[in-house]
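In: structure for the following, please:
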Amino acid sequence: MSYGSTAARRLVGSFFLAAAACLMVRFATASNPVPGSASDPPSHWREPSALWLSPEGNTLFAACEKSGSIAVLDVAKRERVAEFTCGESLVAMAGTRDGQTLLVVDAKANALLFIRRRGSELTVTDSLPLPIKPACVVIDADDKTVFVTCVWSRQVVRVDLAERKIVGSIDLDYSPRTARLLPDARTLAVADAFADQLALVDTTTGRVVREVRIPGHNIQGMAVSATGKELLLSHMIQTESAPITRDNVFWGIAMTSNIRVVPLAALADANKNPVREAHTHFLGDPNNGAGDPGAVLTLADGTTFVCLSGVGEVTIGRLTPYGLRRLRVGDRPVALVASPDEKTVFVANSHSDSISVIDVAKQAVTDTIALGPGPSSSPVEQGERAYYDARLSLDGWFSCNSCHTDGHTNGQRADTFGDGTYGAPKNVLSLLGTGHTEPWAWNGSKRQLEDQVRESLTHTMLPKTAPGERTRAALVAFMRTLEVPPAADWQRRDAAAIARGEQVFTARRCATCHAPPSYSNPFTYDVGLDDGDGGNRLFSPPSLRGVAHSAPYFHDGRAATLEDVFQKHQHRLRTALSDEELGDLAAFLRSL
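Out: Okay, here's the model as predicted:
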């Protein structure tokens, strides 16, 4: 977990594949920024994912995930004035205090882009290869060091801004996404991309000083309160003991949206329980759910904004009982930024390709800025929008993404009717690669993905009006595009151990149930477990592709690690594995 030369050297070899793509971006765009014009192609979706406002407050920049471009908006004119293509999938952005340099994360190219700004003109001056799936960028208070979270590598990398090189890394036990520098200017709070963990990192030593489990999942928003004494986290809570019934969904029991206010003093004191000292504000009411809370913004006077990404709204007000008002913005609001005088807040609406303008004093949306012409959507794009739309559920309490975060899993257990019974909550399965892992459901009862989607929409989402065939088909089309996550430990692969582990896998006949290339099969098996209430002992073997990212294991999560599957639970073993066999088998599984 240190910034020593060993950690730095470990990263070098892993960057070569990403480097080629990064350099292509660099040399294609560094001297040739592409301004937007009236000739934008009709099928050009942008999907703004991050916002940055110039220190002068007159120019707004929107990084776009789908187009790999940055839209430049004139704040006074309320219009887009230029667009610069500089990458493949831009997901995060930060700027130095003087406003002369932008740091932009390209998730698809696995790169950090260094962009020089002169007024509204942008030029890519450099690109730095990063570990797999960078997600968030934070600049320290002195504009000297940049921190980037990387989801699949489970790392936070430290970049020297002047030298433009990686100088260290911090290894985590989970996949990080959202990060925030705390008021002491030396502590970085890093949240789990999917489940419930929060780490505090000392940026001067590179050490994780504390790890806390936050009851809930999908920690998407993070902000410091106006007093500087509290950390605000937006997240959801899935109650595994509450079956997904109409009553439990209607009353906000099965799934809730929340703002958790955690005292920083309790986080910093190892003798205190920060969760016990925190308090929680519930978002949403019966008949008016608040699915998928996201970005959080606080103003100096205590006014707080929260993106309700699943229902196309933003809350505004004080974190007091009944202190929050909800405003309709565009579809899937994901980012917020305030003007220097804090009279105006801008909202990036990813699935509307627009920016909403909120007058803080009036607590009203006063304008909407379109980022470009509205193209027609393909079935896959329609499915993606449906996937993130909580309005497909009863009263807008949750979306597909609420449980299957970005196609993966939120690490929780849910008691749905998907297997025909209630009373036996099961692990939420990852949907990454699901298009090739028939059948579906833990008991293998759905032979077609279309049937599983129909079942989930009807009996889990519990909408007042069932989505039509077009929506179901679009969801299936989108889900079939979800790719398996990359192999774990990708920067430390031991080829010899992996080869030996594959031999163990074959010798122990693991492929009987987990047959390549999907490492699953269409049958069900009695593996010596029941579903919790004794109603079922036959399970469909889940795919092992990307299995290292899907802990805990078994339908009820009883195995915390891959090693526990075989060591503690002796899964399908006639004789125990030796320590060497166990290590090799785990290495092989993590390579899938």
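In: residue ranges in the chain under the pLDDT threshold?
Out: Within the chain, the stretches with pLDDT under 70 are 1-43, 444, 488-492, 528-535.
In: centroid-nearest residue for it?
Out: Centrality entry for the chain: nearest residue to the mean C-alpha point is Ala193, 4.6 Å, by CA atoms, centre = their mean.
In: quick check, it in contact with Ser175.
Out: Yes: assessed by CB atoms under 8 Å, Ala193 is found in contact with Ser175 at 4.4 Å. Every residue, glycine included, has its C-beta placed from N, CA and C.
In: give me the common contacts of those two.
Out: The contact sets of Ala193 and Ser175 overlap at Val151 (CB atoms under 8 Å, 6 or more residues apart in numbering).
In: tell me where the stretch 101-250 of the chain has strands.
Out: Counting by DSSP state E, counting those that start in this stretch, the stretch 101-250 of the chain has these strands, from start to end: 101-106, 111-118, 121-129, 134-139, 145-150, 155-160, 165-171, 176-181, 187-192, 197-202, 207-213, 217-224, 230-238.
In: what's the angle from the last one to strand 217-224?
Out: By that I understand strand 230-238. Counting by axes from the mean of the first three to the mean of the last three CA atoms, to 10 degrees, strand 230-238 lies at 160 degrees to strand 217-224.
In: how about the fifth one?
Out: Orientation note: strand 145-150 sits at an angle of 160 degrees relative to strand 217-224 (the same axes, to 10 degrees).
In: over to the fourth one?
Out: Going by the same axes, to 10 degrees, strand 134-139 is angled at 10 degrees with respect to strand 217-224.
In: what pairs with strand 134-139, and is each one parallel or antiparallel?
Out: With DSSP bridges as the test, strand 134-139 is paired with strand 145-150 (antiparallel).
In: again, but for the second one
Out: Sheet pairing for strand 111-118, assigned by DSSP bridges, gives strand 101-106 (antiparallel), strand 121-129 (antiparallel).
In: what's it in contact with?
Out: Strand 111-118 has contacts (CB under 8 Å, 6+ apart) with 18, 21-22, 25-26, 54, 70, 86-87, 90, 95, 99-106, 122-130, 134, 137, 146, 148, 159, 164.
In: can you check the first one too?
Out: Counting by CB under 8 Å, 6+ apart, the neighbours of strand 101-106 from elsewhere in the structure are 22, 25, 52, 61, 63, 68, 70, 86-95, 111-117, 122, 127, 130, 134-137, 139, 146, 148, 161.
In: can I have the buried ones of those as a ChimeraX selection?
Out: A single ChimeraX command selects the buried members of the contacts of strand 101-106 (16 or more other CB atoms under 10 Å):
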select :22,25,52,61,63,68,70,86,87,88,89,90,91,92,93,94,95,111,112,113,114,115,117,122,127,130,134,135,136,137,139,146,148,161
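In: excluding chain neighbours, what is closest to Cys150?
Out: Pro131 (4.0 Å; CB to CB, 6 or more residues apart in numbering).
In: what about that neighbour, distance to Tyr519?
Out: 24 Å (CB to CB, to the nearest Å).
In: do Ala242 as well
Out: According to CB to CB, Ala242 and Tyr519 sit 33 Å apart.
In: same check on Cys513?
Out: Here the distance between Cys513 and Tyr519 works out to 9 Å (CB to CB).
In: His217 now?
Out: Distance, His217 to Tyr519, by CB to CB: 26 Å.
In: and for Glu47?
Out: Computed as CB to CB, the Glu47 to Tyr519 distance reads 32 Å.
In: which of Cys513 and Tyr519 has more neighbours?
Out: Tyr519 (23 against 19; other CB atoms under 10 Å).
In: isn't the residue nearest to Cys150 right up against Val159?
Out: No: contact criterion CB under 8 Å: Pro131 and Val159 do not qualify, at 11.7 Å.
In: who's more crowded, those two?
Out: Pro131 (25 against 22).
In: ok, that one to Leu431 distance?
Out: Counting by CB to CB - Pro131 and Leu431 are separated by 23 Å.
In: and what of Thr344?
Out: From Thr344 across to Leu431, the span is 38 Å (CB to CB).
In: with Phe84 instead?
Out: 34 Å.
In: try Pro375
Out: Distance from Pro375 to Leu431, by CB to CB: 26 Å.
In: repeat for Glu455
Out: Plainly put, Glu455 is 14 Å away from Leu431 if you go by CB to CB.
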